[in-house]
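Colleague: give me the fold of what follows.
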Amino acid sequence: MLNSISTRAWYLAVVLACAGLLGFALYLQHRMFLDPCPLCIFQRLAFMWIGAWALLASLHNPAGAARKVYATLVVLGAAVGAAVAGRHVWMQHLPPGEVPECGPGLSYLLETAPFLDVLKTVLLGDGNCAEVQWSFLGLSMPGWTLLWFLAVGAGTLYFSSSRR
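Modeller: Below is the predicted model:
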């Protein structure tokens, strides 16, 4: 059955998944009042990156080298997103005494510090990132995003392979 799905259809499904996940995140933020921590925002950026390249790939329907370029860009976004989500999940499972103290918000950091310092601070995480605000079937939101990043990365590798 997987062999009958075209690469174009795969990328379109990735676009819809990214849009749905980002829409759900915005719903939780604006309707359920769950403010995203800096690591959550970085995961959203990874989904935007993946969705943008997948949209271009679905419109272009690449072949040959272009197919590999699009796949590499999507898999790169999935790998970075999975790394950030993995760090986030790890922070949520720290014992209470090992959770870092809460730091300033991302907007304040972006206004006052150089970008590389902001990036380092965000990736180290803070106490806000260790709090589980939402869960479904025993997984927190970063746990679900980690699964989505892994699925998108693996699926893209599969559907872009020339052996299919």
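
Colleague: okay, CA-based contacts and neighbour counts for the rest of this
Modeller: Will do.

Colleague: pull the distance from stretch 16-23 to the chain's centre.
Modeller: Centre-to-centre, stretch 16-23 and its host chain are 11 Å apart (C-alpha atoms, centre = their mean, to the nearest Å).

Colleague: next one: stretch 151-164
Modeller: That offset, for stretch 151-164, works out to 18 Å (C-alpha atoms, centre = their mean).

Colleague: again with stretch 31-45
Modeller: From the chain centre to the centre of stretch 31-45 is a distance of 11 Å (C-alpha atoms, centre = their mean).

Colleague: residues of that stretch that come out buried?
Modeller: 36-40, 42-44 (16 or more other C-alpha atoms under 10 Å).

Colleague: mind checking which of those land in helices?
Modeller: Of the positions in the buried residues of stretch 31-45, 38-40, 42-44 sit in helices, assigned by DSSP state H.

Colleague: quick one: least confident of the residues you listed?
Modeller: The lowest pLDDT within those belongs to residue 38, with 81.

Colleague: I'd like the next helix or strand past the helix ranked longest in the chain.
Modeller: Longest helix of the chain, by residue count under DSSP H: helix 65-92. Toward the C-terminus, helix 65-92 is succeeded by helix 106-112 as the next helix or strand (DSSP states H and E).

Colleague: pLDDT weak spots in the protein?
Modeller: The model of the chain has pLDDT under 70 over residues 1-5, 98-106, 122-130, 162-164.

Colleague: ok, back up a step: and the buried residues of stretch 31-45, which is closest to residue 154?
Modeller: Residue 154 has its nearest neighbour among these in residue 43, at 17.5 Å by C-alpha to C-alpha.

Colleague: contacting residues around the closest one?
Modeller: In this structure, residue 43 makes contact with 81, 84-85, 145, judged by C-alpha atoms under 8 Å, 6 or more residues apart in numbering.

Colleague: which pair in these spans the largest distance?
Modeller: 84 and 145 (9.7 Å).

Colleague: now for residue 18: which residues touch it?
Modeller: Contacts of residue 18 by C-alpha under 8 Å, 6+ apart are 47-48, 50-51.
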